[in-house]
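J.: Please work out how this folds:
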Amino acid sequence: MDEPLTPEGIMDSWKNLSAQAAQDTHQRFGQRLLGIPGTWIGLPYSRQHRLRDGSMLSDINGISHPLREWNYWWQAHYLDAIIDDGLRYLGDGQREQAKRELRRANELLRGIRFRNFGVYPNYFFDDMAWLALASQRLVSFSRQLEGRSAPQAKQAILTLRKQLAGAIDDVLDGGMYWSRKRDFKNAPANAPAALFFARNGERELSRGLLSWLRLKLFNTERGLYVDGLRLIATGRKVEEAVYTYNQGPVLGALLELGTDEDLEHASILIHASQRFLTDSSGALAMNGGGDGNLFAGILSRYLALAANDIRLDDSTRAVASKMIVDTARSIVDQEPRRLSAAVQRWMIFNSAGACSEGASTE
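T.: The predicted structure is shown next:
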């Protein structure tokens with residue numbers, strides 16, 4: 001009979017699965033953008049790949065090509081996951097592997113800019129908030145590894161910060177627009193922007209967005225944030241849908257600002273997520289589809305921060321950790337065929353390892 005895994009063995013198991021998911025993602029989805037040296041990009045669909053039974057599965061959507069479909073925010077989370085990998089290598093003392101991932105991260109950021117017609121700004125402010133967050137982490141990773149900033153990531157932060165700040169006004173009593181159409185203010189844009197501004201040292205701006213979210217989109221009965229507030233001809237309409245990923249960056253911003261009230265609200269959010277956003281096995285609900293493939297992974301990233309945050313009580317941290325690990329167990333046998341699903345799987349395994357060892361997912 002096999003010996004039961006020790007906590008260290010469980011941690012190593014998740015780390016190994018994360019490393020395998022990273023390699024799989026790069027091999028099946030990653031390539032130079034149009035063959036241009038010094039670039040990297042994630043294809044939307046996997047290339048032909050071999051299933052566990054040895055058979056080959058072709059892409060039913062035809063040839064996957066980086067110019068055929070553009071999912072800016074998928075690339076931002078791909079960048080985040082590469083940085084996770086680099087930080088894991090750095091924490092393990094594997095500096096050469098960490099340098100490889102730093103190089104890949106810089107190449108991906110360059111590929112994103114090239115593919116986005118040579119600029120960082122995009123039509124959707126939530127997309128830009130996610131790339132701004134990943135760029136912040138890239139600067140931090142570069143400083144930790146090489147003692148210097150990543151110049152293009154710093155430029156991305158400056159450019160995107162201006163875009164995000166310009167999307168905030170007093171219509172609907174504050175908050176940030178979702179897109180340049182400027183008719184919808186929602187959690188997908190305001191939550192990651194609040195976290196970005198908090199990490200950028202702009203606490204007042206972050207607090208304003210969090211306060212708007214709490215006032216306009218927080219469902220007190222469930223303890224969760226609904227989707228958004230839309231301008232319509234007769235006034236305004238609340239979009240009541242609740243998505244896993246919207247809770248994640250709110251949680252991250254609350255932990256970043258870190259007052260007693262913030263931490264209390266973070267605890268409410270974590271327990272509500274367990275109550276309403278998990279299935280009977282304890283795993284986070286999987287939305288599926290293109291964008292939806294990322295939702296549970298995003299929440300897992302920020303639950304891992306909570307699981308390691310000693311300012312939260314032990315029971316809350318345990319709940320956060322259990323949600324991640326139960327979710328990771330539910331996807332071990334997945335074989336993702338879209339970049340979003342592959343990155344999500346990788347993020348969840350990394351988060352499971354992180355909440356086991358206290359590794360950095362900031």
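J.: correct me, but Met286 touches Leu294?
T.: No. Using C-beta atoms under 8 Å, Met286 is not in contact with Leu294; the gap is 10.5 Å. Where C-beta positions appear, they are placed from N, C-alpha and C, glycine not excepted.
J.: Comparing the two, which residue is more hemmed in?
T.: Neighbour count, other C-beta atoms under 10 Å: between Met286 and Leu294, Leu294 has more, with 27 against 19.
J.: And the pLDDT at the more buried one?
T.: Note on Leu294: pLDDT of 97.
J.: What of Asp53?
T.: 46.
J.: and what of Ala105?
T.: 98.
J.: Show the contacting residues for the closest residue to it other than its chain neighbours.
T.: The shortest distance from Ala105 to any non-neighbouring residue, by C-beta to C-beta, 6 or more residues apart in numbering, is to Ile82 (4.7 Å). Neighbouring residues of Ile82 by C-beta atoms under 8 Å, 6 or more residues apart in numbering: 22, 101, 104-105, 108.
J.: Of those residues, grab the buried ones for PyMOL.
T.: In PyMOL, this line selects whichever of the contacts of Ile82 come out buried by 16 or more other C-beta atoms under 10 Å:
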select buried, resi 22+101+104+105+108
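J.: Just name the closest of the contacts of Ile82 to Arg137, please.
T.: Ala105 (8.9 Å; C-beta to C-beta).
J.: element containing that closest one, please.
T.: helix 95-115 (DSSP states H and E).
J.: Can you give me the buried ones in that helix?
T.: Within helix 95-115, judged by 16+ other C-beta under 10 Å, the buried ones are 97-98, 101-102, 104-115.
J.: Stretch 26-39 too?
T.: Those would be 26, 28-31, 33, 39, for stretch 26-39 by 16+ other C-beta under 10 Å.
J.: Out of the residues you listed, which is nearest to Gln152?
T.: Among the buried residues of stretch 26-39, and counting by C-beta to C-beta, the member closest to Gln152 is Thr39, at 11.7 Å.
J.: and that closest one, helix, strand or coil?
T.: coil (DSSP: H, G, I helix; E, B strand; the rest coil).
J.: Report the contact partners of it.
T.: Per C-beta under 8 Å, 6+ apart, neighbours of Thr39: 32-33, 107-108, 110-111, 114.
J.: and it, what are its phi and psi?
T.: The phi and psi values for Thr39, taken as degrees, to the nearest 10, are phi -120, psi 160.
J.: Report the separation between it and Phe114.
T.: 6 Å (C-beta to C-beta, to the nearest Å).
J.: list residues touching both of those two?
T.: Contacts common to Thr39 and Phe114, judged by C-beta under 8 Å, 6+ apart, are Leu33.
J.: can you give me the end-to-end distance of stretch 221-232?
T.: End-to-end distance of stretch 221-232 (C-alpha to C-alpha, to the nearest Å): 26 Å.
J.: what's the offset of that stretch from the middle of its chain?
T.: The chain centre lies 20 Å from the centre of stretch 221-232; the measure is C-alpha atoms, centre = their mean, to the nearest Å.
J.: Can you mark which positions in that stretch are buried?
T.: Under 16+ other C-beta under 10 Å, the buried positions of stretch 221-232 are 223-231.
J.: just to revisit the earlier point, hang on, the residue nearest to Ala105 in a helix?
T.: Yes. Looking at Ile82 with three-state DSSP, it is inside a helix.
J.: before we move on, the earlier item: hmm, which two among the buried residues of stretch 26-39 are most spread apart?
T.: Arg28 and Thr39 (18.0 Å).
J.: all strands of this structure, in order?
T.: 30-31, 41-42, 49-50, 56-57, 184-186, 218-219, 224-225, 228-232, 235-239 (DSSP state E).
J.: ok, the residue lying closest to Trp70 once chain neighbours are set aside to Arg100 distance?
T.: Leaving aside its sequence neighbours, Trp70 sits nearest to Arg115 (C-beta to C-beta, 6+ apart; 6.6 Å). Between Arg115 and Arg100 the computed distance is 22 Å (C-beta to C-beta).
J.: Check Gly289 too.
T.: 32 Å.
J.: Repeat that for Leu229.
T.: 44 Å.
J.: list the contacts for the closest residue to Asp84 other than its chain neighbours?
T.: Using C-beta to C-beta, 6+ apart and skipping the chain neighbours, the partner closest in space to Asp84 is Asn350 (4.7 Å). Shown in contact with Asn350 (C-beta under 8 Å, 6+ apart): 14, 18, 81, 84-85, 88, 361.
J.: isn't the residue nearest to Trp70 right up against Ile41?
T.: Yes. Look at Arg115 against Ile41 with C-beta under 8 Å: they come within range, at 6.0 Å.
J.: neighbours around the closest residue to Leu164 other than its chain neighbours, how many?
T.: Among residues not flanking Leu164 along the chain, Ala193 sits closest, at 5.1 Å (C-beta to C-beta, 6+ apart). Using other C-beta under 10 Å, Ala193 is surrounded by 32 other residues.
J.: okay, Ala193: pLDDT?
T.: pLDDT, Ala193: 98.
J.: Arg47 now?
T.: 73.
J.: so where's this structure uncertain?
T.: Applying pLDDT under 70 to the chain picks out residues 1-11, 48-68, 356-362.
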